[in-house]
Structures are given as C-alpha cells and as structure tokens.
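Asker: let me see the structure of the following:
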Amino acid sequence: MNLQVHLLFRIVVVALACLLATSAYVLYRSDLQSRQKTEVTAESLGRQLEFQLLSIDAGFGHARQFPDFTLWKQTAGVPGVCVRFEAADAAAPYSLCNGAKPSEHRWPAVFETFYRRLFSPGLEISRPIALNQRVYGALTVTPSAEMDIAQAWDNIRGLLGLSAVTVLAVCALVYLSIARALRPAGIIVAGLETMGKGNLAYRLPPFELLEWQQTAAAINRLAASQQQLLEERQKLAVKLINLQEEERRYLARELHDEFGQCLAAISAVAASIAQTAERQGSALVEEADQIARISQRMMGNVRGLLGRLRPAEIDELGLAASLNSLVAGWNSHSGSQTRFQLHIVGDCAALPEPQAVTLFRIAQECLTNITKHAAAAHAEVTLTVNSDRVTLTVQDDGIADALPFAEGPGIGLLGIRERVEALQGHLALAIVQPHGLRVEVGLPIDPLAVAQA
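Answerer: Predicted coordinates:
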C-alpha cells in the first residue's frame, strides 16, 4: 500500500474514532441537560405550589384556585413540557402542557431508534408538595420525548457537520504535507534504479529534511565506494588480461622459435637419413619416415597451440585477418555441420590492442561454444566499428530457447563477461526466434588510445 494512503487511512480511522467518542459524549450531555431542565422545572413549579399553599394558609389566597400554574406558564416558557398535580385527597388530577410537539420528520428514524435505546427521553420527574409536614399531593413533570430527541439531533448534526469539515481539511493538509515530505523518496528510488543499471557516477541531490539528507548522503557514499571498487576491479582486470596476453605472446614466440626450429631440424635430419639410407642401405628408411611423421604431427600440434595462444595475424595483419582466419578454420573443421559467416563493417585498424584482442577472444569463445553445444546449422559473426564504439554480434540458429542458461562447469560466459566489464562495455544475451542464441558485445573506443596506437 502507498505510504500516503496508509497514513491517511490511519488518520481517518483515528478521526472517526474521536468523532464517535465525541458524539457519544454530546448525546450524553444532551440527555443530561434535558433531565436537569426537567428537574429544575419540577423544583421551580413545586416551590410555586408550596408558596400558594403558604398564602392560602395565611389567608391571602383561595383554596379553590390551587393549584395555579398561570405564573409558571408566563415565566417558564419551556415548550413540550407537561405537568400533572395529583392531590392527596384523591381528587381529580390537574394536568397542563406547554407548547406543541415538533415535527416527526426533523431527524432520521434510525437516530430516534438509536437514541431511545441508549437513553430514556421523556423521563418523568415527580416531587411531593408539602407544607408544615403535611403532604398535599404530588407534582409530576413530563418532558416531551420528541423535544429531547430534536435537541439531541440538533446538537449531533452540528457536531457532525463541523467534524466532517474539520476531518476533510485535516486530511487534505496531511495528504499534501506527506506528499511533499515523501517526494524525495521517489527521487531516491529513481536514483537507486539508475545506479542499479550501472551508472554509479549518478549522485542524489541534497534535500531539505535532515532524515532525507542523511539517507541521500549515505547512498552517495555507498555509490562512490562501489564506483571506486568497480574502477579498481576494471583496472585490475585489464592488467590481468594484458598480462595474460603478454604471457601468451611469450609462449607463442618460444614455441615458434624453439620448438618450431627444433622440429624443422628434426625433419631435415630425418630427410637426410632417408636419403643416405636409400643410397647405402634400406634398413633405416622406415625409421627415418617414422621420425618425419612424428615431427610433422608435432609441428601441426604446435601450430594449433600457436593459433590458440596468439594468432600471428593479430600482431602482423590485425583483427580483421584474424577473424577471417578463425572463421575459415572453423568452416574447415566443422565440415558441413555448421556454416560460419563473417561480416565486418568499418576499419578494424582503428581499434586499440586491448579491444582488438578482447573481441577476438570473445569471438573465439563463442564459435567454440556453438560448435560444442549449439547444434546449429548456421552461425553469423558481425563486427561493426564506429568512431566511438565497436559492436560484435555472434548469432546462431541452435537449440537454445530460454534464458538464463543452467550453470555448468565451464567459464566461457563468465570469462566473456569479465573481459567486457574490464573494458567498461556491455554484454547482452537474447534468444532468436524461434530458437538460437544472440550474443552482443559493445565496447567503447577511447580516442586517446587510438591516437597512441
């Protein structure tokens, strides 16, 4: 759930709970005030009647006029209240009501039912009328239940209206305040996504709130640390790749200079032995031929090792010739099983040595994987060289139909990824419809490195 909506929901729940409690208190106070008014009316009217009895007893009034509610009607002014006096001598009770009942449509029926269940509107209040320890009768004051309900509804309706306006205003202010306060969260999430895509140079901007400032500062420090580690790792990977290539160059040179010359000398000696044996004796001819065959096989193996360690075309003729030789070699080795094609767009001579060697090794690894695992009929190698970027694409129509691949004992893709990341490039794998694998490698070209080359 969205944090703004979550907080707003909680605020509304708390506001409704407070409104419910306040409404209950208002209804309680309304009922209490109605009872107090009834009690005050009963007490006031009772004192008036006792004063009338006192006047009659003193000879200033007439007993026939008792009870007289004229003064109460003129002074009380409480509508909807009925009074009843029952004499102690069992005479007919005297009743009087003040005011009319309110309309029954002023409040909802549900409210009336609810109010009548919780309270007792129209509750009677009785008090004895006595003078000189003699009880003359009982006075009963009965308020109008409808008037009590109407008063309670007026009170609660005003409260509900005011509360609704207050809650809406508070929710609007809180929502806007929270939206403004949480705005940096979206910026931070977008920044983290940008960093997650590999742009560790991105930095979060400063924020107004201290908490967001601390969060952004911590994330920026972490990004800076990761960027430094990545740069150091890339530099180390480049050094390791260069060291590996230097070692391969050294081994290739040693194999070519030492083993090649020795094997050539063995072949020459074997040929001399064969010629001498033909003139002087034929017993050594077979052994000389065997030495020649062994030396030729060793020479072929040495040439194969030289090709895998350091193709002579890279140093002498460049990347284009090396790729042509590589593709031609795989076409000759695979026979009719897989047909390899090469397309080169641009000038490969503009590539610095690290990029050229890396692209050749990646192409070499891809073609090896295609031959071993893809069972493809066609494979295509495309190299595109631009002014600031070079792209190598190797695509086949093999059996691959889903990514990612299951982990195996080989380190082919891992080695490719390490080489690409070392040169700050990108590696993308995709499935070709309906099946087959497409490997795309992009490497940036540094103009300064090109100029130095």
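Asker: every contact and neighbour count from this point should use C-alpha atoms.
Answerer: Noted.
Asker: what sits against His343?
Answerer: Under the criterion of Cα atoms under 8 Å, 6 or more residues apart in numbering, the neighbours of His343 are 380-383.
Asker: can I get these in a markdown table with pLDDT and distance to Val40?
Answerer: A markdown table is the format used below for those (pLDDT from 0 to 100; distance: Cα to Cα, whole Å):
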| residue | pLDDT | distance to Val40 |
| --- | --- | --- |
| Glu380 | 93 | 105 |
| Val381 | 94 | 105 |
| Thr382 | 94 | 104 |
| Leu383 | 93 | 104 |
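Asker: tell me which of those residues fall in strands.
Answerer: Of those, the ones assigned to strands by DSSP state E are 380-383.
Asker: reformat these as CSV; add neighbour count and distance to Arg47.
Answerer: Formatted as CSV, the ones in strands among the contacts of His343 follow (neighbours: other Cα atoms under 10 Å; distance: Cα to Cα, whole Å):
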residue, neighbour count, distance to Arg47
Glu380, 17, 116
Val381, 20, 116
Thr382, 16, 114
Leu383, 23, 115
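Asker: still on that earlier bit, export the contacts of His343 to CSV and tack on distance to Leu263?
Answerer: Below are these laid out as CSV (distance: Cα to Cα, whole Å):
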residue, distance to Leu263
Glu380, 37
Val381, 36
Thr382, 38
Leu383, 37
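Asker: closest to Leu319 out of the residues you listed?
Answerer: Minimum distance to Leu319 across the contacts of His343 is 10.2 Å, recorded for Leu383 (Cα to Cα).
Asker: output stretch 389-396 as CSV, nothing but the C-alphas.
Answerer: Provided in CSV are the C-alpha atoms of stretch 389-396 (Å, rounded to 0.1, in the frame of the first residue of the first chain):
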residue,chain,number,x,y,z
ARG,A,389,32.1,2.3,-30.3
VAL,A,390,32.6,-1.2,-31.6
THR,A,391,30.0,-3.9,-31.6
LEU,A,392,30.5,-7.6,-32.0
THR,A,393,27.4,-9.8,-32.6
VAL,A,394,27.5,-13.6,-32.8
GLN,A,395,24.2,-15.3,-33.7
ASP,A,396,23.3,-18.9,-34.4
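Asker: avg pLDDT for it?
Answerer: Averaging pLDDT along stretch 389-396 gives 93.
Asker: what comes into contact with it?
Answerer: With Cα under 8 Å, 6+ apart as the criterion, stretch 389-396 contacts 359, 363, 366, 370, 374, 376-385, 436-445.
Asker: same check, this time on stretch 179-191
Answerer: 4, 202-204, 207, 209, 212, 216.
Asker: out of the residues you listed, who has the most neighbours?
Answerer: Ala216 (22 neighbours; other Cα atoms under 10 Å).
Asker: mind telling me what element it is part of?
Answerer: Element membership of Ala216 [criterion: DSSP states H and E] is helix 210-254.
Asker: and that helix, what does it pack onto?
Answerer: helix 145-196, helix 285-309, helix 412-422 (3 or more Cα pairs under 8 Å, 6 or more residues apart in numbering; DSSP states H and E).
Asker: give me whichever of these is most buried.
Answerer: helix 412-422 (a mean of 18; mean count of other Cα atoms under 10 Å).
Asker: does anything pack onto that helix? Which helices or strands?
Answerer: helix 210-254, helix 353-369, strand 426-431, strand 437-444.
Asker: quick one, it and helix 210-254 angle?
Answerer: 110 degrees (axes from the mean of the first three to the mean of the last three Cα atoms, to 10 degrees).
Asker: identify the residues contacting helix 412-422?
Answerer: 233-238, 241, 358, 362, 365, 369, 426-427, 441-443.
Asker: contacting residues for the residue lying closest to Ala400 once chain neighbours are set aside?
Answerer: With sequence-adjacent residues excluded and distances taken as Cα to Cα, 6 or more residues apart in numbering, Ala400 is closest to Gly436, at 4.8 Å. For Gly436, the contact set (Cα under 8 Å, 6+ apart) comprises 374, 376, 395-401.
Asker: same thing with Pro67?
Answerer: 49, 52, 85, 94.
Asker: and with 7 Å instead?
Answerer: Under the criterion of Cα atoms under 7 Å, 6 or more residues apart in numbering, the contact list for Pro67 reads Leu49.
Asker: just the closest of the contacts of Gly436 to Ala349, please.
Answerer: For these, the nearest to Ala349 is Gln395 (23.8 Å; Cα to Cα).
Asker: thinking again about what came up before, make a ChimeraX selection of the buried ones in the contacts of helix 412-422.
Answerer: Buried subset of those, written as a ChimeraX selection, criterion 16 or more other Cα atoms under 10 Å:
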select :234,237,238,241,358,362,365,426,427,441,442,443
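Asker: give me the mean pLDDT for the helix holding Ala216.
Answerer: Mean predicted lDDT for helix 210-254 stands at 78.
Asker: for the chain, what's the longest strand?
Answerer: Looking across the chain with DSSP E, the single longest strand is strand 134-143.
Asker: Val302 and Ala42, how far apart?
Answerer: Noted for Val302: a distance of 126 Å to Ala42, by Cα to Cα, to the nearest Å.
Asker: coming back round to it: in the contacts of helix 412-422, find the pair that's most separated.
Answerer: Lys235 and Asn369 (27.7 Å).
Asker: quick one, what contacts Ile291?
Answerer: Ile291 touches Ala270, counting by Cα under 7 Å, 6+ apart.
Asker: give me the pLDDT for it.
Answerer: 75.
Asker: residues in contact with Val345?
Answerer: So Val345 contacts 383-385 (Cα under 7 Å, 6+ apart).
Asker: out of these, who's nearest Ala350?
Answerer: The closest of the contacts of Val345, once distances to Ala350 are taken by Cα to Cα, is Val385, at 8.4 Å.
Asker: tell me, how many residues neighbour the closest residue to the closest one other than its chain neighbours?
Answerer: Leaving aside its sequence neighbours, Val385 sits nearest to Gly346 (Cα to Cα, 6+ apart; 4.7 Å). Using other Cα under 10 Å, Gly346 has 12 neighbouring residues.
Asker: surely Gly346 meets Thr382?
Answerer: No. Gly346 is not in contact with Thr382 according to Cα atoms under 7 Å; the separation is 10.9 Å.
Asker: tell me which of the contacts of Gly436 is nearest to Gly198?
Answerer: Taking Cα to Cα as the measure, Gly198 sits nearest to Gln395 out of the contacts of Gly436, at 25.5 Å.
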